[in-house]
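Novice: Predicted model follows, preceded by the sequence.
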Amino acid sequence: MNPYQHRPARAFWRPAVAEADPRTVDALWTPKFGLDQDDPIITAGSCFAARLGRPLIDHGRNWFNAEPAPPGLTPEERKARRFGEFSFRTGNIYTAAVLRQWLSWAFDRADAPTEVWEHDGRYYDPYRPAIEPDGFSSAAELFEARSVTLAAIRDAVTEARWFIFTLGLTEAWLDTADGTTYPACPGTVRGTFDPQRHAFHNYTFAEVHRDLTAALDIARAANPELRFVLTVSPVPLTATATDDHILVANGYSKSVLRGVAGQFAQECDDVDYFPSYELITGAPFRSGFYAPNLREVTPEGVEFVLRHFLSALTGQAVATGPARTASGTPTTGGDVCEDAVLDYYGPR
């Protein structure tokens, strides 16, 4: 007699993975807490998280867009200006440090920086460099737009029931002048790289755990009823600033993030972990949900993840169609992703 004799089939690799039809692999997630049909859900994080909002709406869930596009914009303009990707227009939030920053600024735990990047008479926000392709007309307009986003963050966090946050990276670039973390390396998406001011940092497990703890504590203080669902993006790093091979660097980053997410789910009653990472990268799927570049997740992959998510919530099988953008058009895997810009600088 031993503890393994009465474990279910899903606890063993051979029947649950090696011998299973990949299309029928299920029961990877049992939600820790319930979600009523009309409960507001907010999403933020990496570029993979940007592909969740519209499908949630399509399946009758209340995805809360706290910062909708102003009237009069075409679907193309809304996409270019990054409206409707996440529940607020921050652009990608790859690291726990950047999430902590945005929540700290929104809830007056810290003053937002005043740094502005200027190019050809246009002004760009260092902390969301891709949201306005043509920049702002003035620094004042930039700060006014940021204040709208900070208000949207406050509205989203205080009104939501679930906060789905997708962790993406451990590698980041810091401003040594004030200690803030940039969402992208200066000089890639926008701005100019200054080696005297901009420093690379690869966050450790302890640092990610620290920053995520601070971020969630701010959100909890604003909304004690808020529940958190952490995921890890299955999208690999585009490039690494470490001396490691990109495969090794990616393994470190995703392992740290997965470990942190798992520990939060074990430690906190109000935090759950959803295995979107395993559903795309797992051995039985043989990289079949990746585009030919082995980085972008295909619409079929997003659909597969959403089917597992919704089926677990409802307790019944859910049919999904191709994942769609916030403008309603099917995604092709080419979503706006600041990290992907780094591929431009690689050898050909």
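Specialist: Perfect, I can see it now. Keep in mind the model is a prediction, meaning the values are calculated, not measured. Numbering: from 1, shown residues only.
Novice: mind listing the helices for the stretch 201-348 of the chain?
Specialist: Taking DSSP state H, counting those that start in this stretch, the helices of the stretch 201-348 of the chain run over residues 205-222, 246-267, 276-281, 299-314.
Novice: Check the stretch 1-150 of the chain too.
Specialist: According to DSSP H, counting those that start in this stretch, the helices that the stretch 1-150 of the chain contains are 13, 53-58, 75-80, 96-106, 139-159.
Novice: circling back to that earlier point, just name the most buried of the helices of the stretch 201-348 of the chain.
Specialist: helix 276-281 (a mean of 23; mean count of other Cβ atoms under 10 Å). Bear in mind the C-beta positions are built from the backbone N, C-alpha and C, glycine included.
Novice: How far off centre is it?
Specialist: 14 Å (Cα atoms, centre = their mean, to the nearest Å).
Novice: Report all helices and strands that that helix contacts.
Specialist: Packing contacts for helix 276-281, counted by 3 or more Cβ pairs under 8 Å, 6 or more residues apart in numbering; DSSP states H and E, involve strand 227-232, helix 299-314.
Novice: For that helix, C-alpha coordinates in PDB please.
Specialist: Extracted C-alpha coordinates of helix 276-281, given in PDB (Å, rounded to 0.1, in the frame of the first residue of the first chain):
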ATOM      1  CA  SER A 276      -2.100  28.700 -20.300                       C
ATOM      2  CA  TYR A 277       1.700  28.200 -20.400                       C
ATOM      3  CA  GLU A 278       1.400  24.500 -20.100                       C
ATOM      4  CA  LEU A 279      -1.500  24.300 -22.600                       C
ATOM      5  CA  ILE A 280       0.700  25.800 -25.300                       C
ATOM      6  CA  THR A 281       4.200  24.600 -24.400                       C
END
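Novice: Geometric centre of the protein: which residue is closest?
Specialist: Centre of the chain computed as the mean C-alpha position; nearest residue by Cα atoms, centre = their mean is residue 45, 2.2 Å away.
Novice: Was I right to think that residue contacts residue 163?
Specialist: No. Counting by Cβ atoms under 8 Å, residue 45 stays clear of residue 163, with 10.0 Å between them.
Novice: Going by mean pLDDT, which of the helices and strands packed on helix 276-281 comes out lowest?
Specialist: In terms of mean pLDDT, the lowest-scoring of the helices and strands packed on helix 276-281 is helix 299-314 (a mean of 90).
Novice: Can you get me the centre-to-centre distance for that helix and its chain?
Specialist: Here the centre of helix 299-314 is set off from its chain's centre by 16 Å, with Cα atoms, centre = their mean.
Novice: thinking again about what came up before, who wins for proximity to residue 51 among the helices of the stretch 201-348 of the chain?
Specialist: helix 299-314 (5.1 Å; Cβ to Cβ).
Novice: Tell me what angle that closest one forms with strand 227-232.
Specialist: Counting by axes from the mean of the first three to the mean of the last three Cα atoms, to 10 degrees, helix 299-314 points 150 degrees away from the direction of strand 227-232.
Novice: which other helices and strands contact helix 299-314?
Specialist: Using 3+ Cβ pairs under 8 Å, 6+ apart: helix 299-314 touches helix 53-58, helix 276-281.
Novice: lowest-confidence stretch among those helices?
Specialist: Taking the mean pLDDT of the helices and strands packed on helix 299-314, helix 53-58 comes last: a mean of 86.
Novice: Give me the distance from that helix to the chain's centre.
Specialist: 16 Å.
Novice: what's it packed up against?
Specialist: Applying 3+ Cβ pairs under 8 Å, 6+ apart, we find helix 53-58 packed against strand 40-45, strand 62-63, helix 299-314.
Novice: Isn't residue 231 up against residue 261?
Specialist: Yes. The pair residue 231 and residue 261 passes the contact test of Cβ under 8 Å, sitting 7.2 Å apart.
Novice: shouldn't residue 229 be in contact with residue 164?
Specialist: Yes. Look at residue 229 against residue 164 with Cβ under 8 Å: they come within range, at 4.6 Å.
Novice: what do those two both touch?
Specialist: residue 274 (Cβ atoms under 8 Å, 6 or more residues apart in numbering).
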